[in-house]
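In: Quick one, structure for this:
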Amino acid sequence: MDVVMALGSFCLPALAAWDVLRIAGSVSRSEAPRFGNLVSLGIWSGGTLYVGSHGGPAFLVPVACVLLGAAALLLVVPVVRALRTPARGRAMRTGTSRRLFRRIIATTHTASGSLMLGVTADGGVILPDKPPLEDGAPPRVRLTEGCPYCLVENVLAHLLELDAAPFIHAYRHHVASGENRVFVVGRVDGTPGWTTGMAPLAGHEVAPAVPCRHHRPAAASD
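Out: You can find the predicted model right below:
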């Protein structure tokens, strides 16, 4: 029994500390801690508390409390980080690219002036129906699936139809070279068609990398 107690006195806090380190690693990479690490931390810390309060070394109780407190603080870090991140660096999340496509197309039906179509440096898709944020940055949404560049191209193809091909080709070349561009589309008074041009977006000149076979350096030769 003494051997088991001695092993528990060493192994349980060591395993709990290892889980705290793994949680800290996830937080430092801006990733969500793994559920398994949280569960095992609770098990090892609970065991440490039990051993320390049932005949084991008394120091195990404060050690377990310190480990649990450290883990709690680490879990608060992402919340604090999100609150302190400027609005310019955040993009709210939405559903699929199909949903956002319908929203942008609906905007074009009632638009009276020019619209901006593009992707921001943080990978968000610009919302042309919303006013700029307080710092002047464009409002945007981050897709939960799909490629933001492909969505922009699909909207442009819907508006320009066959005339969109050269613009899409040029757009892919810019993205492939790491240069971010936005489309500025509008209607000429008295005509039903759309005109467009490309321009850099101040503060968002670098094209964000995405896992899309059409929008990476190799795509420039397509």
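
In: So residue 145: helix, strand or coil?
Out: Assigned with DSSP: H, G, I helix; E, B strand; the rest coil, residue 145 falls in the coil class.

In: and it, how many neighbours does it have?
Out: Per other CB atoms under 10 Å, the neighbour tally for residue 145 reads 8. Bear in mind the C-beta positions are built from the backbone N, C-alpha and C, glycine included.

In: Which helix or strand in this structure has the lowest average pLDDT?
Out: Taking mean pLDDT, DSSP states H and E as the measure, strand 92-93 is the helix or strand of the chain with the lowest mean score, a mean of 53.

In: immediately after that strand, which helix or strand?
Out: Counting by DSSP states H and E, the element after strand 92-93 in chain order, helix or strand, is helix 97-110.

In: Can you give the strand pairings for the following helix or strand past that next one, parallel or anti for each?
Out: Downstream of helix 97-110, the first helix or strand assigned by DSSP H and E is strand 115-117. Sheet pairing for strand 115-117, assigned by DSSP bridges, gives strand 182-187 (antiparallel).

In: so where's this protein uncertain?
Out: The chain contains residues with pLDDT under 70 at 1-8, 29-31, 78-79, 81-95, 112, 132, 134-136, 188-192, 217-222.

In: if you set the cut-off to 50 instead, what comes out?
Out: 85-89, 91, 218-222 (pLDDT under 50).

In: Would you mind measuring from the residue nearest in space to the middle of it to residue 193?
Out: Against the mean C-alpha coordinate of the chain, by CA atoms, centre = their mean, the closest residue is residue 142 at 6.9 Å. Separation of residue 142 from residue 193 (CB to CB, to the nearest Å) stands at 31 Å.

In: ditto for residue 117
Out: Distance check for residue 117 against residue 193: by CB to CB, it reads 16 Å.

In: Next: residue 127.
Out: Counting by CB to CB, the gap from residue 127 to residue 193 is 23 Å.

In: Quick check on the two: which one has the bigger neighbour count.
Out: Between residue 127 and residue 193, residue 127 has the larger neighbour count (other CB under 10 Å), namely 19 against 10.

In: And the spatially closest residue to that one that is not a sequence neighbour, its phi and psi?
Out: Excluding the flanking residues, the one nearest residue 127 by CB to CB, 6 or more residues apart in numbering is residue 139, at 4.7 Å. Torsion angles at residue 139 (phi, psi; degrees, to the nearest 10) stand at phi -70, psi 140.

In: hang on, residue 139 packs against residue 125?
Out: No. Counting by CB atoms under 8 Å, residue 139 stays clear of residue 125, with 10.0 Å between them.
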